[in-house]
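> Okay, structure incoming, though there's no sequence with it:
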């Protein structure tokens, strides 16, 4: 959780009263944050090892409250947002109405985005704050909010970088460009007179002790052929994102008009960041909570965007769900009052069965419809609304009750089965990994040399996200192999003189138009969900000692042993032994030593044949089948469980592994649900 440091007396002044420490801790608990520490600047310096007592004496002795806030509450990362949220929670003020207006001149500022920026940071969003009144504390809070956002949602500036400028020192329109580093020359904010070209500046930040706070960001663009840069109409550099702003347009205490630009690789997060900065500091504008539109023109496709968005959204939660999930019994009117305390107002009750409610059956008791301001980007689902109602109601006010049903907890059979498998595979010397369930279409198919079309010809087999956060999260994975190869890439520094043996047991999601799930409305109704989960095992072997094909073959054999599924040859050998005796049996002794299943499950067997999967090297791919046997131990039916083999060199190259190690890599991917013991 992020920690926000605020001067206690300043916060109390904004709240209109003083609190004892116990009273303030209770207020924090009721609101859903936590007072983590009480300190001063001098005390912090002593804890960090600042041994110069004379220097420490110059530090402020003002009491500082360190408050832990939820990671997705970006509006609480500064004293302005924290005090505003507390005041609304306490009923001391109503939520502000944020306004985005047209310029008084009638002509919006324009930011033109050149096509070359797509290769480095393709998006930019902007806003203007007019008539801002700053003082030293407001200025410091403005800087600290940007730093908190950079460390949090901006992912250390890799996703979004914020630039703020004194608009009166600039001449619009602006251009967002991507140029060779030697073509960019300006005086950075860290200097006053000395000019640098972009490459020299980054090298300076890598080694300069006074600029060590910027060193972690240098590698984001250091090796790029082109660097992103923003110019005004007179070719003055505003910023070199995501590194540093220009000295010329720096914000000062006398600054009145502020131009905000956020360059990004993630458009959605860029708008969240811009909305947060605007909503927090527009209260200091000549017209409080007002900002001004900026047009963004993308030259590549001619698209015209306008920011800031400052979107008001609506969402709803069923009245019955609110009472049921929290464990209370309050009226819809009271729910609306609690939503207003959490900045989700105006909230209103929409009665069940009305046209607004979506018709009969939408929810018992109707729904609570809330208005979500641009400060509350954390509200994404009805359960988020219910959680806020619970916070406003007060967890201490929820009466403890004995559950009406008595149950005994136990693992789901599939999860228990997989836990046992994890133990066995770990004992075979493999280390477990856990990779992301979302990936790009390219990673899941093109980089693996596979087709995205479903084998039955019913379109794509994957489930896609309608509004992905970025290109890396386009679909839910249909294979564990991309995650294994990305893990291998992340461990590229490991010495492969010792084999790298990894495995993962996780779910993939496959598109299935006939898949059903119990309806959320209860009863015996089944709802079509259009997709299904499938539990799989994937294991990887990489070493300079060899491909490891036989190692993974042995792992498959061991997995089949512990799940008590015999090899088809073992079943046939047993039959030959009964029919022809010991000598006849020897002719069919084709099972590897130690590969026999001691207590085979009846009417089940597996077999391995040569496979054909473009992900694997031709002739070095095997396919695993699960066979159901008839009364004569013949194959009545069979289904493919998966493949194992040596990964195709082109696939290794696609994942950036070919230059890291020139050694072959083997992978197995196996479907597990069919191997689970039947109950």
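Nice, I can see it. Predicted model, so just to flag it, every value in this text is computed and none were measured. Numbering: from 1, shown residues only.
> Pull the contacting residues for the residue nearest to the spatial centre of the chain.
Nearest to the mean C-alpha position of the chain, counting by C-alpha atoms, centre = their mean, stands residue 469 at 7.9 Å. For residue 469, the contact set (C-beta atoms under 8 Å, 6 or more residues apart in numbering) comprises 266, 268-269. The C-beta positions use only the backbone N, C-alpha and C, and glycine is treated the same way.
> What's the separation between it and residue 269?
In this structure, residue 469 and residue 269 are separated by 7 Å, where distance is defined by C-beta to C-beta, to the nearest Å.
> quick one: residue 113 from residue 367, how far?
To residue 367, residue 113 is 41 Å away according to C-beta to C-beta.
> and those two? which has more neighbours close in?
Each of residue 113 and residue 367 had its neighbours counted (other C-beta atoms under 10 Å), and the higher figure belongs to residue 367 (28 against 25).
> if I read this right, that one contacts residue 320, doesn't it?
No - because the distance of 9.4 Å does not satisfy C-beta atoms under 8 Å, residue 367 is recorded as not touching residue 320.
> For the nearest residue to residue 672 once chain neighbours are set aside, list each beta-bridge partner.
By the measure of C-beta to C-beta, 6 or more residues apart in numbering, the closest residue to residue 672 outside its immediate chain neighbours is residue 535, 4.7 Å from it. Taking DSSP bridges, one obtains residue 507 as the residues bridged to residue 535.
> On the three-state scheme, residue 87 is what?
What DSSP: H, G, I helix; E, B strand; the rest coil gives for residue 87 is helix.
> Neighbours of the nearest residue to it once chain neighbours are set aside, how many?
With C-beta to C-beta, 6+ apart as the criterion, residue 87 has its nearest non-adjacent residue at 4.7 Å, and that residue is residue 93. As a burial measure, residue 93 scores 12 neighbours (other C-beta under 10 Å).
> pLDDT score assigned to residue 355?
The score at residue 355 is 58. That number is its pLDDT.
> Same question for residue 659.
The predicted local confidence for residue 659 is 62.
> Would it be right to say that residue 45 lies in a helix?
Yes - counting by three-state DSSP, residue 45 is located in a helix.
> pretty sure it is touching residue 60, no?
No - Residue 45 is not in contact with residue 60 according to C-beta under 8 Å; the separation is 10.3 Å.
> Compare those two (neighbour count), which wins?
A direct count of neighbours by other C-beta under 10 Å for residue 45 and residue 60 places residue 45 higher, at 17 against 10.
> so where's this structure uncertain?
In the prediction, the chain carries residues with pLDDT under 70 at positions 49-58, 353-364, 456-457, 495-497, 515-528, 575-599, 659-662, 678-679.
> let's see 50
Residues of the chain that meet the criterion pLDDT under 50 lie in 359-361, 519-523, 525, 583-590, 679.
> For residue 635, which residues are in contact?
Taking C-beta under 8 Å, 6+ apart as the criterion, residue 635 is in contact with 568, 627-629.
> if you set the cut-off to 7 Å instead, what comes out?
When the contact criterion is C-beta atoms under 7 Å, 6 or more residues apart in numbering, the partners of residue 635 are 627, 629.
> Over to residue 180?
Counted by C-beta under 7 Å, 6+ apart, residue 180 has contacts 225-226.
> go with 10 Å
197-199, 224-227 (C-beta atoms under 10 Å, 6 or more residues apart in numbering).
> The residue nearest to residue 87 sits in which helix or strand?
When secondary structure is defined by DSSP states H and E, residue 93 falls outside every helix and strand.
> quick one: it from residue 565, how far?
Taking C-beta to C-beta, one finds residue 93 at 67 Å from residue 565.
> returning to what we had before: if we only consider the contacts of residue 180, which is nearest to residue 433?
Minimum distance to residue 433 across those is 30.0 Å, recorded for residue 224 (C-beta to C-beta).
> what about the residue lying closest to that closest one once chain neighbours are set aside, distance to residue 242?
The spatially closest residue to residue 224, leaving aside those adjacent along the chain, is residue 120, at 5.5 Å (C-beta to C-beta, 6+ apart). Using C-beta to C-beta, residue 120 is found at 10 Å from residue 242.
> the more surrounded of those two?
The residue with the greater number of neighbours, taking residue 120 and residue 242 and applying other C-beta under 10 Å, is residue 242; the counts read 27 against 19.
> Looks like that one contacts residue 146 (just checking).
No - with contact defined as C-beta atoms under 10 Å, residue 242 and residue 146 do not form a contacting pair (11.6 Å).
> rewinding a little: who's in contact with the residue nearest to residue 224?
The neighbours of residue 120, taking C-beta under 10 Å, 6+ apart as the test, are 178, 220-221, 224-229, 241-242, 263, 265.
> how about 7 Å then?
Neighbouring residues of residue 120 by C-beta under 7 Å, 6+ apart: 178, 221, 224, 226, 228.
> Make a PyMOL selection of whichever of those residues turn out to be buried.
Buried members of the contacts of residue 120 can be picked out in PyMOL with the line below, counting by 16 or more other C-beta atoms under 10 Å:
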select buried, resi 178+221+226+228
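> Just give me the closest of the contacts of residue 120 to residue 648.
The nearest member of the contacts of residue 120 to residue 648, counting by C-beta to C-beta, is residue 224 at 29.8 Å.
> So that closest one: helix, strand or coil?
The three-state assignment at residue 224 reads coil, by three-state DSSP.
> May I have the phi/psi pair for it?
Recorded main-chain torsions at residue 224 are phi -70, psi 150, according to degrees, to the nearest 10.
> Please report the distance of it from residue 161.
Taking C-beta to C-beta as the measure, residue 224 falls 14 Å from residue 161.
> what's the answer for residue 464, then?
Summarising the geometry, the distance separating residue 464 from residue 161, computed by C-beta to C-beta, is 29 Å.
> If you count surrounding residues, which of these two has more?
Between residue 464 and residue 161, counted using other C-beta under 10 Å, residue 161 has the larger neighbour count: 30 against 11.
> Check whether the more buried one sits in a helix, strand or coil.
Strictly by three-state DSSP, residue 161 counts as strand.
> What's the local residue count around the residue lying closest to residue 500 once chain neighbours are set aside?
Leaving aside its sequence neighbours, residue 500 sits nearest to residue 542 (C-beta to C-beta, 6+ apart; 4.6 Å). The burial count assigned to residue 542 is 27, neighbours taken as other C-beta under 10 Å.
> show me what contacts the residue nearest to residue 85 when sequence neighbours are not counted?
Among residues not flanking residue 85 along the chain, residue 76 sits closest, at 6.1 Å (C-beta to C-beta, 6+ apart). Residue 76 is in contact with 4, 33, 69, 82, 85, counting by C-beta under 7 Å, 6+ apart.
> Roughly how far does residue 76 sit from residue 84?
9 Å.
> Also residue 401?
Using C-beta to C-beta, one obtains 36 Å as the distance from residue 401 to residue 84.
> Pick out whichever of the two has more residues nearby.
For residue 401 against residue 84, the residue with the higher neighbour count under other C-beta under 10 Å is residue 84, and the figures read 23 against 7.
> Let me know the helix or strand that residue 619 is in.
Assigning secondary structure by DSSP H and E places residue 619 in strand 616-629.
> what residues does that strand touch?
Counting by C-beta under 7 Å, 6+ apart, the neighbours of strand 616-629 from elsewhere in the structure are 549, 556, 568, 571, 603-613, 635-648, 670, 674.
> How far off centre is the helix or strand just after it?
Using DSSP H and E, the next helix or strand after strand 616-629 towards the C-terminus is strand 635-647. Remark: strand 635-647 is offset 34 Å from the chain centroid, using C-alpha atoms, centre = their mean, to the nearest Å.
> quick one: strands adjacent to strand 635-647?
By DSSP bridges, strand 635-647 pairs with strand 616-629 (antiparallel), strand 665-671 (antiparallel).
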